[in-house]
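*Asks:* Pasting a predicted model and its sequence here:
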Amino acid sequence: MKLNFYAILLLAILNSCSSKDDKQSNSEDYYQFKAVDLSAYDLDATLFIPDETAGIGASFQTTIEHEEDFKWKVMAGPNYQLFIEDWGDNANKLTEFRKALKDDDVFKVSIISDKNNCIIYKRELIKHINVPKYKHVSYHIYSLTKLGDYYYEIKNRAGGDSKPVIDLMEKSVKSFKIKPE
């Protein structure tokens with residue numbers, strides 16, 4: 001009987017240590033990020049956004065625009081803009097987006113990463129206008145994330161961003177969660 005008690009006690013201690021390690025590694029993943037609560041903007045979710053120390057010109061104050069019932073724009077300065085749109089129960093939106101990428105005849109599209117409902121891709125203008133040595137290259141992120149019963153599309157601006165900004169946006173997309181109670 002004593003042996004079972006000590007075994008259970010040892011397992012409880014090991015479990016509490018691993019939980020602390022998980023929390024610590026999670027906070028390290030979001031170093032130079034700050035949590036943003038979107039519930040004041042009719043979206044019961046949180047999102048981590050780069051702070052002013054991330055080196056991308058992020059402002060001290062995150063700005064959120066919510067002019068329509070189903071669209072949000074989250075900004076951290078002029079170099080960081082994420083667009084969130086509620087697509088209800090449309091789980092096919094990601095498949096439709098993948099198809100649209102392949103049908104593009106203006107830009108050459110290169111998929112960098114396609115995992116966990118998040119696509120990171122590079123676009124290059126196919127026909128260079130007057131100066132072939134200056135290629136138009138931009139990086140983009142697209143995600144369809146399910147929160148509760150609804151799907152939310154998250155993407156960057158249509159003109160694209162630099163690769164380092166997209167890497168930060170990927171972390172933000174991964175952090176998009178239902179607000180803990």
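*Replies:* Yes, it's here.
*Asks:* Any figure for the gap between I119 and V36?
*Replies:* 23 Å (Cβ to Cβ, to the nearest Å). No exception for glycine: its C-beta is placed from N, CA and C like everyone else's.
*Asks:* And D89, by the same measure?
*Replies:* For D89, the distance to V36 - Cβ to Cβ - is 25 Å.
*Asks:* what's the answer for E96, then?
*Replies:* Relative to V36, E96 is positioned 28 Å away (Cβ to Cβ).
*Asks:* go on, I154?
*Replies:* I154 is 13 Å from V36, by Cβ to Cβ.
*Asks:* Could you check which of D89 and V36 has the larger neighbour count?
*Replies:* When D89 and V36 are compared for neighbours, V36 comes out ahead with 17 against 9, by other Cβ atoms under 10 Å.
*Asks:* Quick check: that one touching T46?
*Replies:* Yes: between V36 and T46 there is a contact under Cβ atoms under 8 Å: 6.6 Å.
*Asks:* what about L82, which SS state?
*Replies:* strand (DSSP: H, G, I helix; E, B strand; the rest coil).
*Asks:* What is the neighbour count of it?
*Replies:* Counted with other Cβ under 10 Å, L82 comes out at 22.
*Asks:* so it makes contact with Y152?
*Replies:* No: L82 is beyond contact range of Y152, at 10.8 Å (criterion: Cβ under 8 Å).
*Asks:* A35 and S175: what is the separation?
*Replies:* According to Cβ to Cβ, A35 and S175 sit 8 Å apart.
*Asks:* again, but for F107
*Replies:* 29 Å.
*Asks:* and what of K93?
*Replies:* The value you get for K93 to S175, if Cβ to Cβ is used, is 20 Å.
*Asks:* from what I can see D161 touches N79, true?
*Replies:* Yes: D161 is within contact range of N79, at 7.2 Å (criterion: Cβ under 8 Å).
*Asks:* Between these two, which is the more surrounded one?
*Replies:* Neighbour tally, D161 and N79, criterion other Cβ under 10 Å: the higher count belongs to D161, 20 against 17.
*Asks:* What's opposite that one in the beta bridge?
*Replies:* Per DSSP bridges, residues listed as beta-bridge partners of D161: Y139.
*Asks:* Pull out the buried residues from the helix or strand containing I120.
*Replies:* Element membership for I120, per DSSP states H and E: strand 118-125. The neighbour-count check on strand 118-125 (16 or more other Cβ atoms under 10 Å) flags C118, I119, I120, Y121, K122, R123 as buried.
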